[in-house]
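Engineer: starting from these lines, generate the structure:
(chains A and B)
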2 protein chains.
Amino acid sequence: MSVLIVGSVALDDIETPVAKHPDLLGGSASYSAVSASYFSPVNFVGIVGEDFSSAHLDFFRSRNIDLEGLQIVPGKTFRWSGKYHTDMNSRETLSVNLNVFETFSPELPPSYRNAKIVLLANISPELQNHVLDQTTAPRFVIADTMDLWINIAKEELLRLLRRVNMLILNDGEARQLTGESNLIRAGQAIQKLGPAYVALKKGEHGCLLFGPNDFFVCPAYPLADLHDPTGAGDTFAGGVAGYLASQDEGAEISFEQLRQAVAYGSVLASFNVEEFSLERLKTLEFSEVKDRLRSLKAMSSFDVA
Amino acid sequence: MSVLIVGSVALDDIETPVAKHPDLLGGSASYSAVSASYFSPVNFVGIVGEDFSSAHLDFFRSRNIDLEGLQIVPGKTFRWSGKYHTDMNSRETLSVNLNVFETFSPELPPSYRNAKIVLLANISPELQNHVLDQTTAPRFVIADTMDLWINIAKEELLRLLRRVNMLILNDGEARQLTGESNLIRAGQAIQKLGPAYVALKKGEHGCLLFGPNDFFVCPAYPLADLHDPTGAGDTFAGGVAGYLASQDEGAEISFEQLRQAVAYGSVLASFNVEEFSLERLKTLEFSEVKDRLRSLKAMSSFDVA
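Structural biologist: Numbering: from 1, shown residues only, chains lettered A, B, ... in the order given. Just a heads-up that it's a prediction; the model follows:
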């Protein structure tokens, strides 16, 4: 079954301590959709300008990503420029040009509206709510967000949280949203705001998944070399959503399936940061994903004797 | 088989955002020995003054901790006073009075010298080296350390590292010792300094265990309420050493045993922070430790499908 993904499509200029690359394919929907495509066909909703390279469109199509919901309009594609510092853990936004994204109103083609699994990748909660309004019978809705929306659109975000099944956010954002410094309490506090499930990302330290009656500590695959952390969270979210869509058979999604989904998302993100932009995912085979997942399981297992 | 543990014994005054307690039993050897005693008898080397309460001595004895190596001398016991800030992740030392510890020279009673498993709990690397000089045939030596020694006794610490099988330290200390911000590279760099095994503690994010050919990501047991983080690292180290001593049968220690040891150490530390000082360990049953270890395994497991 297809997964519906809506978010941003961008052209990024990225600088790290070791390299600098302009005009990279980026945006939350791009990373999420390509990651999800390892598991399911994707129905894609976003906007780009006329400057958006047809090579990027061909790449999306090659990944079984349906582009009927992608608006291609006069003007320039959303551009973001950022710089990572020595430890790759902190980054600075150098410039943002919304361009065609400024007036973006996501519209679902009729064939997308009955989506069962929906990923509202990181865009404003207003647009996320607008997309949700157009769906007819979603079974599991995942929303990703960021510090910016907690700062400038908290009410709209809180309205969204009452409508989604899972929120994905990182540790800093969870603390910011709840005022709780302890991450266990922060995750539980977010559940009280609406979502039955919370995936709390901790970067190199893995992810905590909170469910109504269950809890999953997902380890991160150890990486000695990160080349570009951009899109790691989007890749994670896409992997989670794509895996769930591949498993959906009309029954309620089990916590076991969510564990798997989170572990797959985590491994896909670990590959994505090995190269700039989506370069690593252009050559990544599913067999490599599965091997790394097996390896992660082996290195995080222990017996009780 | 007994485990040999040397370190500090202290009386602590501790303040957290919610409570303040004076005259608590503390010190690296105290926490480590009580934790190790869940698995093995302990031979204990340390120093206290005449003010040290006989109730503390009775507690140690009740835990099968041999005190022949504990020097009780005229003067006052080492005192430490510290304050934790809101998130319990940062602390401030308010005062340190070395007292009898100032002239401490650890001497092993003859019956301790053939120890096979040795834990050099956190004291100066000079004293740790001095203890090691007195052992005759140690099979597995674990050293714990702290930022202070990396700052003021780095050469002596580097000499120690060439003589031990495992170093235990936290993420900040690993970065400080190696200059590597990436923790995977930091752990590997420490292995090049001597120890075949490195246990890199990340507090609430668990622990990474580096071996010559293996790697273990140990999750942390999730805690919504911490009451006193003091001694968590010492408790961890003691659990690791005690477990290894309980398993030692003359053969080389396997990585599977080390995984178990680290997981047990991590669970013991999670209990210890639930109350001030060693209070939680005074009532903690081994069956509770095992239950929590099973629970940790369940909440960190996933299938590969």
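
Engineer: export the helix or strand containing A:I150 as CSV, just CAs?
Structural biologist: For A:I150, the element it lies in under DSSP states H and E is helix A:147-152. Output of helix A:147-152 as CSV, limited to C-alpha atoms (Å, rounded to 0.1, in the frame of the first residue of the first chain):
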residue,chain,number,x,y,z
ASP,A,147,11.9,23.9,17.1
LEU,A,148,10.8,26.7,14.7
TRP,A,149,7.2,25.6,14.9
ILE,A,150,7.3,25.1,18.6
ASN,A,151,8.5,28.7,18.8
ILE,A,152,6.2,30.5,16.3
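
Engineer: tell me the phi and psi of whichever residue of the stretch 1-150 of chain A sits closest to chain B?
Structural biologist: Using Cβ to the nearest Cβ, the closest approach of the stretch 1-150 of chain A to chain B is made by A:D87 at 3.9 Å. Just so you know, the C-beta spots here come from the backbone N, C-alpha and C atoms, and that holds for glycine as well. Backbone torsions of A:D87, given as degrees, to the nearest 10, read phi -90, psi 0.

Engineer: beyond whichever strand or helix holds A:G242, next helix or strand please.
Structural biologist: Secondary-structure assignment from DSSP H and E places A:G242 in helix A:232-247. Downstream of helix A:232-247, the first helix or strand assigned by DSSP H and E is helix A:255-272.

Engineer: and the residue nearest to the residue of the stretch 1-150 of chain A closest to chain B when sequence neighbours are not counted, how many neighbours?
Structural biologist: Computed as Cβ to Cβ, 6 or more residues apart in numbering or on different chains, the closest residue to A:D87 that is not its neighbour in sequence is B:S181, at 3.9 Å. B:S181: 14 surrounding residues under other Cβ atoms under 10 Å in any protein chain shown.

Engineer: sorry, back to before: helices or strands next to the helix holding A:G242 in the packing?
Structural biologist: Other helices and strands packing on helix A:232-247, by 3 or more Cβ pairs under 8 Å, 6 or more residues apart in numbering or on different chains; DSSP states H and E, are strand A:3-6, helix A:28-36, strand A:117-120, strand A:140-144, strand A:166-170, strand A:197-201, helix A:255-272.

Engineer: next, the angle strand A:140-144 makes with whichever helix or strand comes after the third one.
Structural biologist: The C-terminal neighbour of strand A:117-120 among helices and strands, as given by DSSP H and E, is helix A:125-134. Angle of helix A:125-134 versus strand A:140-144, following axes from the mean of the first three to the mean of the last three Cα atoms, to 10 degrees, is 170 degrees.

Engineer: still on that earlier bit, what about the residue nearest to A:D87, which helix or strand?
Structural biologist: Short version, using DSSP H and E: B:S181 is in no helix or strand.

Engineer: hang on, the earlier thing: how about CSV for the helices and strands packed on helix A:232-247, with mean pLDDT added?
Structural biologist: What follows is those, written out as CSV (pLDDT from 0 to 100):
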stretch, mean pLDDT
strand A:3-6, 98
helix A:28-36, 98
strand A:117-120, 98
strand A:140-144, 98
strand A:166-170, 97
strand A:197-201, 98
helix A:255-272, 97
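
Engineer: tabulate the ones you listed (TSV), appending mean neighbour count.
Structural biologist: Below are these laid out as TSV (neighbours: other Cβ atoms under 10 Å in any protein chain shown):
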stretch	mean neighbour count
strand A:3-6	31
helix A:28-36	33
strand A:117-120	30
strand A:140-144	26
strand A:166-170	26
strand A:197-201	25
helix A:255-272	24
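
Engineer: format those as a markdown table; extra columns: distance to chain B.
Structural biologist: As requested, the helices and strands packed on helix A:232-247 are arranged in a markdown table below (distance: least, Cβ to the nearest Cβ, whole Å):
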| stretch | distance to chain B |
| --- | --- |
| strand A:3-6 | 18 |
| helix A:28-36 | 17 |
| strand A:117-120 | 17 |
| strand A:140-144 | 18 |
| strand A:166-170 | 13 |
| strand A:197-201 | 11 |
| helix A:255-272 | 4 |
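
Engineer: how about A:V45, secondary structure?
Structural biologist: For A:V45, the assignment made with DSSP: H, G, I helix; E, B strand; the rest coil gives strand.

Engineer: looking at chain A, which helix or strand does the model trust least?
Structural biologist: Scoring the helices and strands of chain A by mean pLDDT, DSSP states H and E places strand A:91-97 at the bottom, with a mean of 92.

Engineer: and it with chain B, contact?
Structural biologist: No: Strand A:91-97 stays clear of chain B (Cβ under 8 Å from any Cβ of the partner chain), getting no nearer than 14.2 Å.
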